[in-house]
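K.L.:
when you get a sec, could you give me coordinates for this:
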Amino acid sequence: MLQRITAVHLERLSERQQEKLRSWWVPQEGEYILFSGQEEMIYYLSGVDKGRSLPLLTIGQMMAYMAQQGHRPTIDSAWNEWIVKMPGFEAKAAELCDAMWDAMVAVL
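P.N.:
The predicted structure follows:
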């Protein structure tokens with residue numbers, strides 16, 4: 001099971017969405033980020049250039065962001081497919097992380 005998004009997921013975001021994500025994100029040691037096109041782990045917080053980095057969010061971080069924005073998606077699975085629903089929105093994917101990311105993009 002995919003636990004976090006990848007650089008490919010972040011390519012879908014507009015500049016505005018990227019800035020909104022950066023403003024919410026508080027970098028932590030041990031997190032994975034996208035920096036200059038490379039996926040990296042944060043070893044030292046002093047080395048993070050937040051303005052040029054984006055977080056490779058985990059499923060839990062996506063759930064936390066949506067909850068803070070007032071969205072509480074329901075999550076279900078059926079026939080090897082994950083279903084994430086919010087009022088007026090539904091995403092389906094083989095990976096829960098992919099369906100959650102679709103919901104995140106809608107919220108951003």
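
K.L.:
from here on, contacts and neighbour counts on C-alpha atoms
P.N.:
Fine.

K.L.:
centroid-nearest residue for the chain?
P.N.:
residue 57 (4.0 Å; Cα atoms, centre = their mean).

K.L.:
who are the neighbours in contact with residue 13?
P.N.:
Shown in contact with residue 13 (Cα atoms under 8 Å, 6 or more residues apart in numbering): residue 105.

K.L.:
so it: helix, strand or coil?
P.N.:
coil (DSSP: H, G, I helix; E, B strand; the rest coil).

K.L.:
find me the pLDDT at it, would you?
P.N.:
The score at residue 13 is 97. That number is its pLDDT.

K.L.:
residue 7 versus that one, what's the distance?
P.N.:
11 Å (Cα to Cα, to the nearest Å).

K.L.:
now residue 47
P.N.:
20 Å.

K.L.:
so where's the longest helix in the chain?
P.N.:
Ranked by residue count, the top helix of the chain under DSSP state H comes out as helix 96-107.

K.L.:
gap between the worst-scoring helix or strand of the chain on mean pLDDT and the chain center?
P.N.:
Lowest on mean pLDDT, DSSP states H and E among the helices and strands of the chain sits strand 38-41, with a mean of 90. Per Cα atoms, centre = their mean, to the nearest Å, the displacement of strand 38-41 from the mean C-alpha position of its chain is 15 Å.
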